[in-house]
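> the sequence and its predicted three-dimensional model are supplied below.
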Amino acid sequence: MVIKRVIAFLFAIAFVIGAHQLVSTDVNAAGNDLAVLLPDSDGVIVLDSKRLVHEALPQLLSSNLPLLEKINGELEKIKSRSGLDLRKFSSVAIGLKNKAGREGENEFDVVILARGDVSVGSLEDLARLASKGKYKKQKSGPRTIYVFSPGDLIKSNSKSPRDKSFIEGITDKLFKGLSEEIAITAYDSNTVAFGSLERVKETIGNKPRVNSELLALLERKPGSLANMGMFVPNGMSQYLELEDDELGANLDSIRQLQGSFDVIDGITSVSVAAKTNDADKAEELAGTLQAIRGMFAGILKSNGSTDKQVYGRMLESLEVTQVEREIFVDLSVPKSDLDILIGKK
């Protein structure tokens, strides 16, 4: 259904922005300071984890305290077993590189830089814990890289591609490349680099750094909890199973994505900017989104399901604008509505 695809598109972008926040503070300063250290990438995400852990998560999950307690419990478990307190990371930068998967599908090759008031001397203990003692060491200059299979840390999704949701498909692409092997090393005295072995070696080696044009996309919403910039040279079809219709063609015309995610005073804000390959496609995509908002907001709001009523209010508040080849989509969700969606069912 068209409405589901559009809502899924918006929230998938938000999810991509926030997917790694538990390992991730000053986005505009420290986050970008880390981002410039990333190797050449097709996408970059920077995160503010202190705000996430101490402000945003308690607000987002206040209606589902068991989930908040579970997250905090897992973080405490890692700290007690390895000595690495993920809650002390002050900034994170994530570099995503497109690659062809084993089945010909597009995946991401990931590397993450995490910096904070942490001791990196416990990385071997972390590798030992995560791999149940089955890890390898590699030397790269003065650094030691620990390589291990993540085991249960990254669980494979047994669903068929047809049965997976939009967000499940995105997370598959983010994590599939790390399902067999993870490398981790100390970048400096308070910064950890981890991801695929190849990407970690690129990060600590003398390899080309991330493109300045890509880094500039991170500056559109400075100070946000998370910011993302991504090049999409072959269109969105490399990431999504788009239908052969007008909306699918318009989405496939997107060549750059910028997104931000923030939580302030309980209000969750998502902003997405998409640059298409020509102005006509941008105008058509903006027109489609505006038409869907007008057609479905009232229908969903009058539905008996409280969840669907929330989706209706979200559509009604959706702001869509177009300037030449770019469209800008802004969405704000009040805490009362988010509590309905996140609250324990």
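Alright, I've got the coordinates.
> quick one: the helices in the stretch 201-345 of the chain?
212-217, 246-252, 279-301, 306-317, 335-342 (DSSP state H, counting those that start in this stretch).
> same question, the stretch 51-200 of the chain
Using DSSP H, counting those that start in this stretch, helices in the stretch 51-200 of the chain cover 57-60, 65-82, 123-131, 166-175, 197-204.
> highest average neighbour count across these?
helix 197-204 (a mean of 21; mean count of other CB atoms under 10 Å). In this view, the C-beta of every residue, glycine as well, is placed from N, C-alpha and C.
> least reliable of the helices of the stretch 201-345 of the chain by average pLDDT, please.
The minimum mean pLDDT among the helices of the stretch 201-345 of the chain belongs to helix 246-252 (a mean of 78).
> buried sites along it?
Leu247, Gly248, Ala249, Asn250, Leu251, Asp252 (16 or more other CB atoms under 10 Å).
> and stretch 313-329, by the same measure?
Within stretch 313-329, judged by 16+ other CB under 10 Å, the buried ones are Arg313, Met314, Leu315, Leu318, Val320, Gln322, Arg325, Glu326, Ile327, Phe328, Val329.
> tabulate those (CSV), appending distance to Gly229.
Formatted as CSV, the buried residues of stretch 313-329 follow (distance: CB to CB, whole Å):
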residue, distance to Gly229
Arg313, 29
Met314, 24
Leu315, 26
Leu318, 22
Val320, 20
Gln322, 20
Arg325, 16
Glu326, 13
Ile327, 16
Phe328, 14
Val329, 16
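> select, out of the helices of the stretch 51-200 of the chain, the one closest to Met295.
helix 166-175 (20.4 Å; CB to CB).
> now the closest one: mean pLDDT?
Per-residue pLDDT over helix 166-175 has a mean of 49.
> TSV for the helices of the stretch 201-345 of the chain, including distance to Gly141?
Shown next, in TSV, are the helices of the stretch 201-345 of the chain (distance: least, CB to CB, whole Å):
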stretch	distance to Gly141
helix 212-217	26
helix 246-252	43
helix 279-301	46
helix 306-317	50
helix 335-342	45
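> among those helices, which is nearest Glu69?
Nearest of the helices of the stretch 201-345 of the chain to Glu69, taken as CB to CB: helix 335-342 at 14.2 Å.
> how near is the closest residue to Glu284 other than its chain neighbours to Gly229?
Leaving aside its chain neighbours, Glu284 sits nearest to Asn250 (5.1 Å; criterion: CB to CB, 6 or more residues apart in numbering). Distance check for Asn250 against Gly229: by CB to CB, to the nearest Å, it reads 21 Å.
> next: Glu74.
29 Å.
> run a quick check on Arg115 versus Ser90, I expect a contact.
Yes: taking CB atoms under 8 Å as the definition, Arg115 is a contact partner of Ser90 at 6.0 Å.
> which of those two has more neighbours?
Neighbour count, other CB atoms under 10 Å: between Arg115 and Ser90, Arg115 has more, with 25 against 20.
> ok, Leu331 - contacts?
Leu10, Ser269, Val270, Ser271, Met314, Ser317, Leu318, Glu319 (CB atoms under 8 Å, 6 or more residues apart in numbering).
> just the pLDDT for it.
So, for Leu331, pLDDT stands at 92.
> before we move on, the earlier item: who are the contact partners of the residue nearest to Glu284?
Counting by CB under 8 Å, 6+ apart, Asn250 touches Thr276, Lys281, Glu284, Leu285, Thr288.
> of those residues, select the buried ones using a ChimeraX command.
Applied in ChimeraX, the following selects the buried portion of the contacts of Asn250 according to 16+ other CB under 10 Å:
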select :276,281,284,285,288
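> for the contacts of Asn250, work out which two are farthest apart.
Thr276 and Thr288 (12.3 Å).
> rewinding a little: ok, the residue nearest to Glu284 to Asn277 distance?
Distance of Asn250 to Asn277, computed by CB to CB: 10 Å.
> please apply the same query to Val270.
Distance, Val270 to Asn277, by CB to CB: 24 Å.
> ok, those two, which is more surrounded?
Under the neighbour definition other CB under 10 Å, Val270 and Asn277 were set side by side, and Val270 has more, 24 against 16.
> for Glu74, see how far away that one is.
Distance from Val270 to Glu74, by CB to CB: 26 Å.
> ditto for Ala291
Counting by CB to CB, the gap from Ala291 to Glu74 is 43 Å.
> now swap in Met236 and tell me
Met236 is 33 Å from Glu74, by CB to CB.
> next one: Thr185
From Thr185 to Glu74 the distance is 23 Å (CB to CB).
> ditto for Ala216
When Ala216 is compared with Glu74 (using CB to CB), they lie 35 Å apart.
> thought Gln322 was touching Ala286?
Yes: between Gln322 and Ala286 there is a contact under CB under 8 Å: 3.9 Å.
> what do those two both touch?
Joint contacts of Gln322 and Ala286 (CB under 8 Å, 6+ apart) do not exist.
> before we move on, the earlier item: farthest pair in the buried residues of stretch 313-329?
Arg313 and Arg325 (30.2 Å).
> any weak-confidence spans in the protein?
1-31, 78, 81-84, 101-105, 121, 150-180, 238, 241-244, 344-345 (pLDDT under 70).
> kindly recompute the last result at 50.
1-30, 152, 154-159, 162-170 (pLDDT under 50).
> and Asp330, what is it in contact with?
Ser269, Val270, Ser271, Val272, Leu318, Glu319.
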